[in-house]
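>>> sequence? don't have it. structure:
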């Protein structure tokens, strides 16, 4: 099956990659949706919400400060670098990602649609003016209107960035091949994107989700492992 997927990619005029948390956990980033209680035994989904931003900013800021600081020693893994190289060679036209760590960009990928935004760049909660990451980490306020700062991440209760969504949707609808990597396909509306694909649909994940159906090929394993094997055929 590996050789078959590689042949699809060779023949493809447009290949799109959709990545989820499993792509980042391989670099040592905790899964945001895991139940391992990695942060104060609080469900991160309740902190990463519009309500938390407005009602308990101190808790909100502490949570994202820890998430941002956790990225300091994190590097893209071999899978990220293979995808960046494939883009340079013309094998991949777009990466649509649920991840907010910008590891794809750090690895060298240029065409990335951040479906859930990112926690690397910062803006004011009120006037939306950009600020440095250091301003946020130092608990500074907006230098323009003195309101709180926040990462450019999509919170629970917010809509996805329209530009990123449209880019991903349009690319997936017109792709010959779509690689879905490291996502449980549980988060709406991104889990609807594979259903929009008209070309070959490939699922790559360490765990095979029972609801991940309708794929033309399923490759079980870590992102780095599977992409390394595919790269050998390309």
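Ah, there it is. Because the structure is a prediction, the values reported are computed rather than measured.
>>> Looks like residue 64 contacts residue 119 (just checking).
Yes: using C-beta atoms under 8 Å, residue 64 and residue 119 qualify as a contacting pair, with a distance of 6.1 Å. The C-beta positions use only the backbone N, C-alpha and C, and glycine is treated the same way.
>>> which residues are common contacts for these two?
Counting by C-beta atoms under 8 Å, 6 or more residues apart in numbering, the residues touching both residue 64 and residue 119 are 151, 153.
>>> quick one, what contacts residue 183?
Shown in contact with residue 183 (C-beta under 8 Å, 6+ apart): 18, 19, 20, 21, 22, 98, 190, 191, 205.
>>> burial count for residue 170?
14 (other C-beta atoms under 10 Å).
>>> looking at this, it is in a helix?
Yes: counting by DSSP: H, G, I helix; E, B strand; the rest coil, residue 170 is located in a helix.
>>> residues touching residue 28, list them.
Counted by C-beta under 8 Å, 6+ apart, residue 28 has contacts residue 74.
>>> quick one: it and residue 224, what's the gap?
Per C-beta to C-beta, to the nearest Å, residue 28 is found 12 Å from residue 224.
>>> same question, residue 180
According to C-beta to C-beta, residue 180 and residue 224 sit 16 Å apart.
>>> Neighbour count: the two, which is higher?
residue 180 (25 against 18).
>>> is it fair to say the more buried one lies in a strand?
Yes: membership of residue 180 in a strand is supported by three-state DSSP.
>>> From what I see, it and residue 196 are in contact.
No: distance between residue 180 and residue 196: 11.8 Å, which falls outside the contact criterion (C-beta under 8 Å).
>>> Next up, phi/psi of residue 103, please.
When read as degrees, to the nearest 10, the backbone of residue 103 gives phi -70, psi -30.
>>> With adjacent residues omitted, what lies nearest to it?
Once flanking residues are discounted, residue 103 sits nearest to residue 76: 4.6 Å by C-beta to C-beta, 6 or more residues apart in numbering.
>>> The residue most central in space within the chain: which element?
Central residue of the chain (C-alpha atoms, centre = their mean): residue 99, 2.1 Å from the mean position. Remark: residue 99 resides in no helix or strand, with elements defined by DSSP states H and E.
>>> ok, it touching residue 21?
Yes: contact criterion C-beta under 8 Å: residue 99 and residue 21 qualify, at 6.7 Å.
>>> Mutual contacts of those two, please.
Counting by C-beta under 8 Å, 6+ apart, no residue touches both residue 99 and residue 21.
>>> where does this protein have low pLDDT?
30-41, 209-211 (pLDDT under 70).
>>> Secondary structure of residue 166: a helix, I assume?
Yes: the assignment for residue 166 by three-state DSSP puts it in a helix.
>>> Check the burial of it by counting its neighbours.
Neighbours of residue 166 (other C-beta under 10 Å): 12.
>>> State the distance from it to residue 115.
Counting by C-beta to C-beta, the gap from residue 166 to residue 115 is 11 Å.
>>> Quick check: neighbours shared by those two?
With C-beta under 8 Å, 6+ apart, residue 166 and residue 115 have no common neighbours.
>>> Mind checking which of the contacts of residue 183 are in strands?
For the contacts of residue 183, the ones inside strands are 18, 19, 205, with DSSP state E as the criterion.
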